[in-house]
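> turn this into a model:
(one chain, ligands or ions: 1)
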Amino acid sequence: MKMENAAEEKIDIRSMTLDELTDFSVNTLGWQKYRAGQLYRWMHVRLAGSFDEMTELSKSMRAQLAQTCRLVSHKMVRRYVSKIDGTAKYLFGLDDGNVIESVLMRYRYGLSVCISSQVGCRMGCRFCASTIGGLVRNLTASEMLDEIYQIQKDVGQRVSNVVVMGTGEPFDNFDNVIRMIRILSGPDGLNISQRSITVSTCGIVPGIRDFADLGLQVTLAISLHASNDADRQRLMPVARRYSLTELLDACHYYQEKTGKRLSFEYSLVSGANDSEASARELAGLLKGFDCHVNLIPVNPVEETGMRQPQAQTVSRFKSVLEKNGINVTIRREMGRDISAACGQLRKKYMSSQLSVGED
Ligand code: SAH
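Numbers count the residues shown, from 1 in each chain. Here you go, the predicted model:
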């Protein structure tokens, strides 16, 4: 118990920006300024898993760090690799015993990592497995970064894209997500271009507006999933807080501020939002908006009872949008053989308490 308290009080040094770290190194640790740059590089470029690895720093400096700070570094609990397309799902163990999942996808243009932003989620979307147990806690910036760092180290290849589309609602953990993006895209870290980062939100309107005001060049994806308020409210409790009109206003605001094209995610659920009338209504809603619609046949999750539409229903939905001049694709399913729909892996693991290993 005493140990745990001590760990909690230690400073989460991997969540600091370079400016903060410089201030801390000089004023608290009493180091020369250039040491902060070395330490930062060890954490965010060389992706060290412990202070001991940081051989540029003297033994006494490393001891000083270990005494006052903790270096967040996940345990890889399990890894599933698809034999079809190399997609890999990772389960990472956090210091407090929680488990999160991240996914690596291999595209022609490079490696893309999908990260979780929270342990669990409190948004309650009816089709989603991540929200079934509710929210446990927010992830720190370092915990989100280490999802990417661990995977880059594991595959020994540069990660080029990051999507914040795993478990959790990023705008319910706004400050930590922004901090993570700044560190990830900064020139002194992995330097992943903001244009190669996508944040997906269920539609928290004030979050979208605050995000727009930051003027980042990050792609915003909106989980729309319905063409009117009534349907949306049946699928997503957040729709009771913000109407589609308010949501789309905020999207226009994001576009004005950043000049970026938005993405809309639309999970097709049989009988709930997949009719031709819904497609026409959606086309009307998005008319003239510079955007891209991603259609995702819903991943069936045992507890939700939601079913995928027939293939022809999906293609009919798509063609209605196309006829109305809307950019639309059907999301390609990756890693089918290892697939446990969004958030299911963690849930399965938590209930079965599998041992460390690999499938
Ligand atoms: N909370 C954020 C990001 C996490 S979910 C958001 O809502 O956008 C990432 C995407 O997967 C969202 O569009 C979400 O609605 C969708 N999703 C969740 N469960 C799904 C399922 N079972 N089938 C298809 N899409 C799902």
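> is any residue of stretch 216-229 near the ligand?
Yes - Stretch 216-229 comes into contact with the ligand when judged by CB under 6 Å from any ligand atom, the residues involved being Ser223. Backbone N, C-alpha and C define where each C-beta goes, glycine included.
> give the buried residues for that stretch.
Neighbour-count burial for stretch 216-229 flags Leu216, Val218, Thr219, Leu220, Ala221, Ile222, Ser223, Leu224, His225, Ala226, Ser227, Asn228 (criterion: 16 or more other CB atoms under 10 Å).
> which secondary structure state is assigned to Thr304?
Following DSSP: H, G, I helix; E, B strand; the rest coil, Thr304 is assigned to coil.
> show the contacting residues for it.
Counting by CB atoms under 8 Å, 6 or more residues apart in numbering, Thr304 touches Arg126, Phe127, Cys128, Ala129.
> so how far is the ligand from the last one?
As judged by CB to the nearest ligand atom, to the nearest Å, Ala129 and the ligand stand 6 Å apart.
> which stretch of helix or strand covers that residue?
Secondary structure from DSSP states H and E places Ala129 outside every helix and strand.
> that one: how many residues sit nearby?
By the criterion of other CB atoms under 10 Å, Ala129 has 24 neighbours.
> model confidence score at it, please.
You'll see Ala129 listed with a pLDDT of 91.
> surely it touches Glu303?
Yes - here Ala129 lies in contact with Glu303, judged by CB atoms under 8 Å, at a distance of 7.3 Å.
> before we move on, back to that, which of the buried residues of stretch 216-229 fall in strands?
Secondary structure assignment (DSSP state E) places Thr219, Leu220, Ala221, Ile222, Ser223 from those within strands.
> can I get those residues in JSON lines with pLDDT?
Listed next are these as JSON lines, based on pLDDT from 0 to 100:
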{"residue": "Thr219", "pLDDT": "97"}
{"residue": "Leu220", "pLDDT": "98"}
{"residue": "Ala221", "pLDDT": "98"}
{"residue": "Ile222", "pLDDT": "98"}
{"residue": "Ser223", "pLDDT": "98"}
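> kindly indicate which of those residues lies nearest the ligand.
Ser223 (3.4 Å; CB to the nearest ligand atom).
> what sits against that closest one?
Cys125, Ser200, Thr201, Cys202, Gly203, Met236, Phe264, Glu265, Ser267.
> so how far is the first residue of stretch 101-118 from its last?
Here the two ends of stretch 101-118 are set 10 Å apart, with distance taken as CA to CA, to the nearest Å.
> tell me the mean pLDDT for that stretch?
Along stretch 101-118, the predicted confidence averages to a pLDDT of 96.
> run the chain-centre distance for it.
Taking CA atoms, centre = their mean, to the nearest Å, one finds the center of stretch 101-118 at 9 Å from the center of the full chain.
> that one close to the ligand?
No - under the criterion of CB under 6 Å from any ligand atom, the ligand is not reached by stretch 101-118; the shortest gap measures 7.4 Å.
> next: stretch 295-312.
Yes - part of stretch 295-312 sits near the ligand under the criterion CB under 6 Å from any ligand atom, namely Ile296, Val298, Asn299, Val301.
> tilt between the host helix or strand of the first one and strand 219-223?
I take that to be Ile296. Ile296 belongs to strand 291-297 when elements are defined using DSSP H and E. If you take axes from the mean of the first three to the mean of the last three CA atoms, to 10 degrees, strand 291-297 sits at 50 degrees to strand 219-223.
> by contact count, what packs against strand 291-297?
Helices and strands touching strand 291-297, as assessed by 3 or more CB pairs under 8 Å, 6 or more residues apart in numbering; DSSP states H and E, comprise strand 262-268, helix 311-323, strand 327-330.
> can we see that at 10 Å?
strand 219-223, helix 244-258, strand 262-268, helix 276-286, helix 311-323, strand 327-330 (3 or more CB pairs under 10 Å, 6 or more residues apart in numbering; DSSP states H and E).
> low-confidence stretches in this structure?
Within the chain, the set of residues satisfying pLDDT under 70 comprises 1-8, 339-345, 347-359.
> center of it, which residue is that?
Relative to the mean C-alpha position of the chain, the nearest C-alpha, by CA atoms, centre = their mean, is the one of Val164, at 2.0 Å.
> next secondary structure after the helix or strand where Arg78 lies?
With secondary structure defined by DSSP H and E, Arg78 is part of strand 75-81. Sequence-wise, the next helix or strand beyond strand 75-81 is strand 88-93, with elements assigned using DSSP H and E.
> tell me the strands beside the very next helix or strand once past that following strand, with direction?
Sequence-wise, the next helix or strand downstream of strand 88-93 (DSSP H and E) is strand 99-107. Applying DSSP bridges, strand 99-107 is found paired with strand 88-93 (antiparallel), strand 110-114 (antiparallel).
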